[in-house]
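Peer 1: next comes the sequence, and after it the predicted model I'd like to discuss.
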Amino acid sequence: MIISRKTLAIAAVASMMLAGTPAMAQETPIYSLEEIVIQADSVQKDNADTTVSVKTVSPGKASSIPELLRGFAGIDIQQRTTAGDNQDGTIKLRGFDARRYTVLLNGRQINAAGVMGGQYADWTTIPLNTVEKIQIIKGGKSAAHGNTLGGVINIITRDKGVNGGEINILAGSNGREDYLFNYGGSAGKLNFNIIANKTSSDAFLRNNDYDSEQYGLRLNYDITPEDSIAVGVNKTETKRGFIIANTPGPNFDSRFPISDGESLSPGFSPSYQLNPGAYWEKDNIYYDFTYNHKTESGFWRIDYWKNDEKRREVNYNAAGTAIELDRTVVSDQSDNIGVSGQTKINEHTIGYGGEYKQLRYGSGYYDKRAGNTDEIYPSQKIDLWGAYVDDTFKLDDRWSAYLGLRYDHLSARQDDVRATAMRNYEADALSPKMSLSFRNNETTTTFLSVNRLWRAPSMAEYYWWSQKYNANIGQDVANPGYHKQIKPEKGYSYEIGAEQKVSDKYNTKATLYYQDIDDYINFQHVNPFWCYNIDKVKVWGAEWENVYKFDEINKVMFNYTNQHTDKVGSSLTNAGLAGELDYRPQHKAMLAYHYDNKPWQVRYSINFTSSQKALYNNTTLREIGCYTTHNLAVVRELDKTRTVSLYVDNIFDKQYVEQIGYPMPGRSYYVSLTQKI
């Protein structure tokens, strides 16, 4: 599809201006983050702090969950590229990366096992065109979710609905093309949802082209009025070029900006320099099954899910004429079974549950490798057991409370005896949770939360700690034979805040939080891959969230986050940053204007990020300057079934980076057409 940006923009504007009278009964099919639902009662089920509600189920321009959550309080985004970038730090939740919070899709975890890499969340596997809402729990408030410090991001898709769907086509800058299809319906007791999506973009950074296809089916069957089952399968096939370093010199390519390159994950020798044409492709399949039974006073359910992920990595020689490396890693074979339920007894809502999770990956192989064709055997495996009980209840007409207790146990050991030797490791903990809510009056609610936090090492952290331990390399540089057993992270989080309905037009919420973590696991996936405990990390700050409605048509949203970090005891990975964590800006703010008057919708947002310090390759301290970006979306209903949209990102062409060495795109244009079916 070869269409110039100028042609697309002219076509969109002409369609908007020439469109006829709209159908007032239809919702505008745009992925609009309609509003933040600020919970007045902080002890509701799952303790969700923020719910991003989606009025209609179409993704508009958004290509990933990070893009959707960028402007919300307590969230930092750090990307190298806008397409297919999945790192531990792509999204940080209250200062914690993906190893320290949980990502759920319809209640099932999608954090990848990680092998020797990071425990990243693969945001590209989430079918955006069926997302209904995103619930965010900030901090370890909920006993239902264990082994987490930062909280939970739960993406919820449609399960049931009327017969119908949408086709969405988008084209724009850097060769971005989307072809998205979703359809849902029912036949008697059976409900179904189908998706088929294709997304691609040309390389903005050198060699970093991207292509993804996604297919999914979700079925929900009501066996009886009390019993139902749901099954789902979601398959994502992704191919992405490795970013190739593009620096001034003989091999500089002027078509692309100056940038650093990527490196292959370690684990083989000799080391290969990535060359033009190098790429990875990944096949990912999520399976899930749920049996749900309603009781007179609540419900109980059984859940099972399984990940099946395989990643292939290909590198060419410097001339680009022959494949030099071709290897396949079965990167995630994890599964989980769990039982949970809830019952109401008088004024108490009792929740309970238990789960058993196996973090695994499979044997890989080399189709081509200079001098060696050994198989890749899985080194480590981790088993996680968890159980919880909680109680949500009212003390009186003004006081409400949430009490929870969770037990977690981790067991880690070697998987295949032909692989690298691993140290046996076990850890467990009890984590009590407590939240109180006080309704001051009809318009004001205050809340307090105190929670015990605990997190055991991830697959990647366990692997690299064990390898350094086995190699007789310890934490103390002066005493290289001195070893320490890696410890789980543990500590407390404290939160206090208030929400007020100032008037019928204005809602505001302010939150102060403080997170005190002992034995913080200091680890970055950069050679020489040190992984060790430091004495302490503290993360604290404030969040301020506001919604002001001028009338039924015009609305303004303003979010502000102030964040600070402190660390003590980092000896091997300081590089001049001994007293704080890197890539944590102190100030972030978002101002957004929403206009909704059919047939028109307008979204204008301004995002500000203050300067921040960054460790570059674990060896050099750098600073990222502050930056502000402006984005515009204009939507026009053409008739009952069609909508055309124009998007302009980074309107003022701001030159900035979110990660050192990887510039972000300048001004970008996109046009989309949505057809209801």
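Peer 2: That came in fine, so what should we check first?

Peer 1: next, count neighbours for Glu313.
Peer 2: A count of neighbours around Glu313, defined by other C-beta atoms under 10 Å, yields 20. In this view, the C-beta of every residue, glycine as well, is placed from N, C-alpha and C.

Peer 1: distance check, it against Leu359.
Peer 2: 21 Å (C-beta to C-beta, to the nearest Å).

Peer 1: cool, Gly249 as well?
Peer 2: 43 Å.

Peer 1: show me the shaky parts of the stretch 101-250 of the chain.
Peer 2: For the stretch 101-250 of the chain, applying pLDDT under 70 flags the ranges 114-120, 159-162.

Peer 1: how close does Asn251 sit to Tyr616?
Peer 2: According to C-beta to C-beta, Asn251 stands 22 Å off from Tyr616.

Peer 1: quick one: low-confidence parts of the stretch 451-600 of the chain?
Peer 2: Under the criterion pLDDT under 70, the flagged ranges of the stretch 451-600 of the chain are 470-483, 572-573.

Peer 1: what about the helices in it?
Peer 2: Counting by DSSP state H, counting those that start in this stretch, the stretch 451-600 of the chain has these helices, from start to end: 459-470.

Peer 1: all strands for it, in order.
Peer 2: With DSSP state E, counting those that start in this stretch, the ranges of strands along the stretch 451-600 of the chain come out as 489-501, 506-523, 531-549, 554-568, 587-597, 600-609.

Peer 1: including mean neighbour count, could those go into TSV?
Peer 2: Formatted as TSV, the entries for the strands of the stretch 451-600 of the chain read as follows, by neighbours: other C-beta atoms under 10 Å:
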stretch	mean neighbour count
strand 489-501	19
strand 506-523	20
strand 531-549	20
strand 554-568	18
strand 587-597	17
strand 600-609	18
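
Peer 1: would you reformat the ones you listed as CSV and include distance to Thr130?
Peer 2: Conversion of the strands of the stretch 451-600 of the chain to CSV gives the following (distance: least, C-beta to C-beta, whole Å):
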stretch, distance to Thr130
strand 489-501, 30
strand 506-523, 29
strand 531-549, 26
strand 554-568, 25
strand 587-597, 23
strand 600-609, 21
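
Peer 1: right, and those - which one's nearest Ser173?
Peer 2: Nearest to Ser173 among these is strand 600-609 (17.8 Å), distances taken as C-beta to C-beta.

Peer 1: what pairs with that closest one, parallel or antiparallel?
Peer 2: Taking DSSP bridges as the criterion, strand 600-609 sits next to strand 587-597 (antiparallel), strand 627-637 (antiparallel) in its sheet.

Peer 1: make TSV out of those and add distance to Ser259.
Peer 2: Compiled in TSV, these are given as follows (distance: least, C-beta to C-beta, whole Å):
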stretch	distance to Ser259
strand 587-597	24
strand 627-637	17
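
Peer 1: which of those sits closest to Thr102?
Peer 2: Ranked by C-beta to C-beta, the member of the strands paired with strand 600-609 that lies closest to Thr102 is strand 587-597, at 22.3 Å.

Peer 1: what angle sits between that closest one and strand 531-549?
Peer 2: Strand 587-597 runs at 40 degrees relative to strand 531-549, counting by axes from the mean of the first three to the mean of the last three C-alpha atoms, to 10 degrees.

Peer 1: and the contacts of strand 587-597?
Peer 2: By C-beta atoms under 8 Å, 6 or more residues apart in numbering, the surrounding residues in contact with strand 587-597 are 28, 32, 70-73, 76, 552-563, 601-610.

Peer 1: then stretch 212-231?
Peer 2: Contacting residues not belonging to stretch 212-231 are listed as 84, 124-125, 127, 130, 157, 159-160, 189-200, 232-239, 288-295 [C-beta under 8 Å, 6+ apart].

Peer 1: filter the residues you listed down to the buried ones.
Peer 2: Buried by 16 or more other C-beta atoms under 10 Å: 84, 124-125, 127, 130, 157, 159, 191-197, 199-200, 232, 234-236, 238-239, 288-292, out of the contacts of stretch 212-231.

Peer 1: out of the residues you listed, which sit inside strands?
Peer 2: With DSSP state E as the criterion, strands contain 157, 191-197, 199-200, 232, 234-236, 238-239, 288-292 from among the buried ones among the contacts of stretch 212-231.

Peer 1: between Gly249 and Leu359, who's got more neighbours?
Peer 2: A direct count of neighbours by other C-beta under 10 Å for Gly249 and Leu359 places Leu359 higher, at 26 against 7.

Peer 1: partner residues bridging the more buried one?
Peer 2: Here Leu359 sits in beta bridges with Ile382, as judged by DSSP bridges.

Peer 1: hmm, it is touching Ile382, no?
Peer 2: Yes: taking contacts as C-beta atoms under 8 Å, Leu359 lies within contact range of Ile382: 4.1 Å.

Peer 1: fine, thanks again, bye for now.
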